[in-house]
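Participant: Let's see this in three dimensions:
(chains A, B, C and D)
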There are 4 protein chains.
Amino acid sequence: MTLRIAVAGATGYAGGEILRLLLAHPAVVDGRAQIGTLSAGRNAGSTLGEHQPHLVPLYDRVLAETDQETLAGHEVVFLALPHGQSAEVAEQLGPDVLIIDCGADFRLEDAADWTRYYGSAHAGTWPYGLPELPGARERLRGANRVAVPGCFPTVSTLALYPALAAGLAEPEVVITAATGTSGAGRSLKTHLLGSEIMGNTSAYGVGGTHRHTPEIAQNLGQGAGAKVAVSFTPMLVPMSRGILASCSAKARPGVTAEDVRAAYEKAYADEPFVTLLPHGIWPQTAAVLGSNSVHVQVALDESVGRILVLAAVDNLAKGTAGGAIQCMNLALGLPESAGLSTVGVAP
Amino acid sequence: MTLRIAVAGATGYAGGEILRLLLAHPAVVDGRAQIGTLSAGRNAGSTLGEHQPHLVPLYDRVLAETDQETLAGHEVVFLALPHGQSAEVAEQLGPDVLIIDCGADFRLEDAADWTRYYGSAHAGTWPYGLPELPGARERLRGANRVAVPGCFPTVSTLALYPALAAGLAEPEVVITAATGTSGAGRSLKTHLLGSEIMGNTSAYGVGGTHRHTPEIAQNLGQGAGAKVAVSFTPMLVPMSRGILASCSAKARPGVTAEDVRAAYEKAYADEPFVTLLPHGIWPQTAAVLGSNSVHVQVALDESVGRILVLAAVDNLAKGTAGGAIQCMNLALGLPESAGLSTVGVAP
Amino acid sequence: MTLRIAVAGATGYAGGEILRLLLAHPAVVDGRAQIGTLSAGRNAGSTLGEHQPHLVPLYDRVLAETDQETLAGHEVVFLALPHGQSAEVAEQLGPDVLIIDCGADFRLEDAADWTRYYGSAHAGTWPYGLPELPGARERLRGANRVAVPGCFPTVSTLALYPALAAGLAEPEVVITAATGTSGAGRSLKTHLLGSEIMGNTSAYGVGGTHRHTPEIAQNLGQGAGAKVAVSFTPMLVPMSRGILASCSAKARPGVTAEDVRAAYEKAYADEPFVTLLPHGIWPQTAAVLGSNSVHVQVALDESVGRILVLAAVDNLAKGTAGGAIQCMNLALGLPESAGLSTVGVAP
Amino acid sequence: MTLRIAVAGATGYAGGEILRLLLAHPAVVDGRAQIGTLSAGRNAGSTLGEHQPHLVPLYDRVLAETDQETLAGHEVVFLALPHGQSAEVAEQLGPDVLIIDCGADFRLEDAADWTRYYGSAHAGTWPYGLPELPGARERLRGANRVAVPGCFPTVSTLALYPALAAGLAEPEVVITAATGTSGAGRSLKTHLLGSEIMGNTSAYGVGGTHRHTPEIAQNLGQGAGAKVAVSFTPMLVPMSRGILASCSAKARPGVTAEDVRAAYEKAYADEPFVTLLPHGIWPQTAAVLGSNSVHVQVALDESVGRILVLAAVDNLAKGTAGGAIQCMNLALGLPESAGLSTVGVAP
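Facilitator: Prediction:
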């Protein structure tokens, strides 16, 4: 049987990246799977080529409306929709379809957190699509619902989890993360115009107000086995893709630089997509561009007693679409790395 | 037998891109081919990871010197060396090795042109690696020497050849091409520093002095069946990759917009890597980033009687390393598109 | 008497740049003039600080509606409005106010050109605000209406006028101009988003369809004393400000490189804001950023018989707001250079 | 008497920015001061126009060697030299010349800090050129030696000093600062090439190793009246100019958001070049580009008990050359703001 895969939200950045990766996925290349419905909101009726000029093989695909009818008949449906729209679509599709939601709707476990940060009723919680977390692969294998993590939570969690889980760091973390603009989506906002972005670094969501804050705290809390205070500050920097997270936490007494490195070596020794960089090499977003890699480097600043972790991710790839494909592979029983690469596009 | 492939100049941009593409090439993935010696100049002895942090699977490879000994024992050798160094290396390797030269040394047929533009003795002429030119595929199949075209000649030739070959345009062309900085290589020059490049567009090589001028003229002359006057002006624009060429020539009397479009449709109908864009869509470099595609669009400006052709290429991919892989595929009898994609990485 | 100066369209890029320059203008600094009404469209009622965070001294100014009442009582009114809105505003303000229009409405002399390119009825023709054109200063001194040139026409005209006026070039010119994004204004369009712009060069307005084409032809025609065929292709490059124009035309028989240089030296010897660069230095947009300078360099490509002129301008400064201030100075009888600089902000 | 001003290191970014500001300084404009010797290292003998194409009025100046002879006969000498060269030059010039050193040599008070971070013998300590610090103006008035602060220390100190001085924050601060590339100077290093920088954010100097760390600690320690632990992480982001610093520290018990804002309002109410932004507006580097402004915004994240301060500066302007001019004004008894602007160049 040929798997049919639909993508809802195909004209956005996340949807485009899912399609880019699917076009190179071995299951699509060899015909075991095919790309079915591509849907869009206000762009329904136009062709994909008008919106995603890099996806040559799909130029002529006509965009459907995003609804029950157009998404029916697929074994896999990726949702790359604005927050708050996934629950209704999921309900219509029935329990047997594999639905992989790139939105935030089903990431949080705490309904109060959801309401505080998103201002609406909580839709529920789906298996959380960060395979590198303990126990996650088991939950994702055979799942037919997956909540793909946010881009900042992906990189921040992978950066700090080992230090907290190994008991090396106090449960108060400070994260400042520089992000490219594609994380904000293809939305028509003045501050996202090229003229405003180029040559400019700006702050936003300061003081714990960014919606990814509770998601980071949820993940790190699982690592620490206790509540973790997360101070999270994003910065918008002039590039399209990539996040570099600068993370730190106070080291517990007696912790050495070797302890820190050993914890990360152990945590990531067998992870296909997390690379603890060699000594002396610091992460940079260009090295992971287009790839499913997260690059991590650690240090202990002994003069102030803080563990530093720097980590880089492509927010659209491993931070969204690549992570989604990785989850699809697990859910369908395919090799986890199928269609995903550790190799970035640089320079 | 496993093919062994060496890359000389592995720490540069072209060498890195060849390796990026090889790592995803089916022959390498399934073990029919393997990546052998990686050599470098002053960086010999260090590891590739220090220079190409995006090439995770090759981090630990130690760079060899570029010489006869280290390059021996390979069936395929890519040369990504500064101009003027290829001839000596090629001679040492013997006639049976497939040598694919990304440098300029063997591109020009006219020794006087070579000397005028490069200031040294002409090394000779190898089969020219632009498979889209008439007769080129025949010459490249089974070849064991290939001269990969320059990046500007690749895009300019594909932009203007059909109009000249179909007799639609006068043999006097004007080309202004905006290029990203990677085309200048990884060279330590003040004007290539990020601080000078960002927010800046500059001119260079004006007035027919750029070394790619005679190569463009050579190719277009073959199309026109006559000498073609080429006015070529490059501009350096603030991006790493990509060339957008703005090309024009006077239309011959009576030529219509339909004639022009028809000539390009015919020329590129069966080309896997040249896409004549749908009406109303103009080329942009982001759409071809990392891919082997060339995007082309044409117009006839009737008020001034000129044919306009805009074309975009990734200078490192189809413009250098992708073109080189395409030639390797032809020379080795592999499927021409193996390991190459028409899909860009955007945004 | 204190001059009162109003700016209509104060939240856009042109309006912001006019204000930046006015804040440093000696007449404003020493109190002979003051900045009066700042008006905006949908942003009326908010403060300027929310829109122009670089204009610290004007943060608290509340934006007015753009109408007769708010603009009354000023001796100078700058209009930085969308095309088609200036005529009505001008009529309301009466003939004695100095109105400097940064829009296109009153630039063209030929009503048919206007209608062809802008699709509406022609509003009329005002004195054209390019002081460097022969006779222009005389027309601008004491004027109370000024049509500020478009950014591409400013740089293209200054690039090619001397060669045509001196009879050195044939009246068929080819211009490809790379522009930063601020020339498109602060408009919410998908292709202007930072994510689409960065790392990308794109073509638009190809084939004589860009609205600045007839304005360039009008100016050059005056220089040549005959109709000039203008092939104009703009490219959008990833920077906020700046235009680099690559211009060429066939040299008339017998013309030498010395002839070309001499014509430009003569034309610009006494111009405060046009610099013919020393031999060997080519224009770059960073060198004119924020300044009122146009940098020009010339060459004769003897192998193809074409005169090449490269010219750089800051589209918002000399290309719009700086040119507007220069015209204000002339119209008011102030020193032409007051408040304007030849020094760019680099790197 | 006409003041003569020399600039040593005129071909670098700091030297170029000093000259840009001097050309617009009222004392230079009206002839009370003039720009004398411009010196350079390996570029001596060439003209300034070859290196600083934005400084049109100084194009023809021939660069001198940097030595006693060429710098003699000036009342003011700016040093924009590599670290370690200032002491010798200063000694040669004698005690009566006003020497303003943009290098690090005389910033630190603690000789051990100097040796630890710079690896050489400590040259001494000069009056520290951050006028906004308590008591600094008194020390700078009439001084003839000034150590201009580093760019990161300028913005980090102004960001955190008020919170520490008011006893609102614990003396353990975490700073992650995104910087443009010009802060690294005009040095030929591979990682500073445009191709590596664009589309890339990278980490460096992690773990307390950046040389600006002890300078920040020195300043903040004066504010806190006690040793302050400084965790400082710089990031290199793809823009030429600007630093955005994300700073935080634990709030002392009982501290409210109003306390924090009040402390900053009080600290900066009368400062001409530090702007506490209105509520809801966050700093961005584009707003201060080319200006002498520092933009600051504060928040209290109550859920984690941390004070957040975001601050933006132009590293070359207020962060180096603008700060240097401000100090010159104070030292010479000129109005402190002469030749300096709070208005940025945007977009």
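
Participant: Now do the phi/psi pair for the one residue in the stretch 151-300 of chain A that gets nearest to chain B.
Facilitator: Residue of the stretch 151-300 of chain A nearest chain B, by Cβ to the nearest Cβ: A:A287 (3.9 Å). C-beta here means a position set from N, CA and C on the backbone, and glycine is covered the same way. As for A:A287, its main-chain torsions (degrees, to the nearest 10) stand at phi -70, psi -20.

Participant: burial measure for it, as a count.
Facilitator: Look at A:A287: counted by other Cβ atoms under 10 Å in any protein chain shown, it has 28 neighbours.

Participant: Let me know the secondary structure of A:E170.
Facilitator: strand (DSSP: H, G, I helix; E, B strand; the rest coil).

Participant: Which of the helices or strands spans the closest residue to it other than its chain neighbours?
Facilitator: Among residues not flanking A:E170 along the chain, A:K250 sits closest, at 4.2 Å (Cβ to Cβ, 6 or more residues apart in numbering or on different chains). For A:K250, the host element (DSSP states H and E) is strand A:243-251.

Participant: Restrict that strand to CA atoms and write it as CSV.
Facilitator: Provided in CSV are the C-alpha atoms of strand A:243-251 (Å, rounded to 0.1, in the frame of the first residue of the first chain):
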residue,chain,number,x,y,z
ILE,A,243,18.7,29.6,16.6
LEU,A,244,21.8,29.9,18.8
ALA,A,245,20.8,29.5,22.5
SER,A,246,23.1,30.8,25.2
CYS,A,247,22.1,28.9,28.3
SER,A,248,23.5,28.8,31.8
ALA,A,249,22.8,27.7,35.4
LYS,A,250,24.7,27.8,38.6
ALA,A,251,26.8,24.7,39.0
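
Participant: Any idea how far the helix or strand following it is from the middle of the chain?
Facilitator: The first helix or strand that comes after strand A:243-251 along the chain, using DSSP H and E, is helix A:257-268. Put simply, helix A:257-268 sits 24 Å off its chain's centre (Cα atoms, centre = their mean, to the nearest Å).

Participant: Give me the helices and strands touching the strand holding A:K250, please.
Facilitator: Judged by 3 or more Cβ pairs under 8 Å, 6 or more residues apart in numbering or on different chains; DSSP states H and E, strand A:243-251 is in contact with helix A:151-165, strand A:169-179, strand A:306-313, strand D:202-203, strand D:229-236.

Participant: Format the ones you listed as a markdown table; extra columns: mean neighbour count and mean pLDDT.
Facilitator: Below are the helices and strands packed on strand A:243-251 laid out as a markdown table (neighbours: other Cβ atoms under 10 Å in any protein chain shown; pLDDT from 0 to 100):
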| stretch | mean neighbour count | mean pLDDT |
| --- | --- | --- |
| helix A:151-165 | 27 | 98 |
| strand A:169-179 | 26 | 98 |
| strand A:306-313 | 29 | 98 |
| strand D:202-203 | 24 | 96 |
| strand D:229-236 | 26 | 98 |
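
Participant: Let's have these in JSON lines, adding distance to D:G180.
Facilitator: As requested, these are exported to JSON lines (distance: least, Cβ to Cβ, whole Å):
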{"stretch": "helix A:151-165", "distance to D:G180": "23"}
{"stretch": "strand A:169-179", "distance to D:G180": "12"}
{"stretch": "strand A:306-313", "distance to D:G180": "19"}
{"stretch": "strand D:202-203", "distance to D:G180": "13"}
{"stretch": "strand D:229-236", "distance to D:G180": "8"}
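
Participant: Any regions of chain A where pLDDT drops low?
Facilitator: By pLDDT under 70, chain A has no low-scoring segment.

Participant: mind redoing it with 90?
Facilitator: Applying pLDDT under 90 to chain A picks out residues A:1, A:83-84, A:87-88, A:94, A:205, A:207-209.

Participant: quick one, domains of it?
Facilitator: Following automatic domain parsing, chain A resolves into domains at A:3-148+A:318-332, A:152-315.

Participant: all strands for the stretch 1-150 of chain A, in order.
Facilitator: A:3-8, A:33-40, A:64-65, A:76-79, A:98-101, A:145-147 (DSSP state E, counting those that start in this stretch).

Participant: Select, out of those, the one closest to C:R61.
Facilitator: The minimum distance between C:R61 and these falls on strand A:33-40, with 41.2 Å, by Cβ to Cβ.

Participant: who does that closest one touch, helix- and strand-wise?
Facilitator: If you count contacts as 3+ Cβ pairs under 8 Å, 6+ apart, strand A:33-40 packs onto strand A:3-8, helix A:13-23, helix A:26-29, strand A:64-65, helix A:68-71.

Participant: Ok, which of the ones you listed comes nearest A:F273?
Facilitator: With Cβ to Cβ as the criterion, A:F273 lies closest to helix A:13-23 of these, at 13.2 Å.
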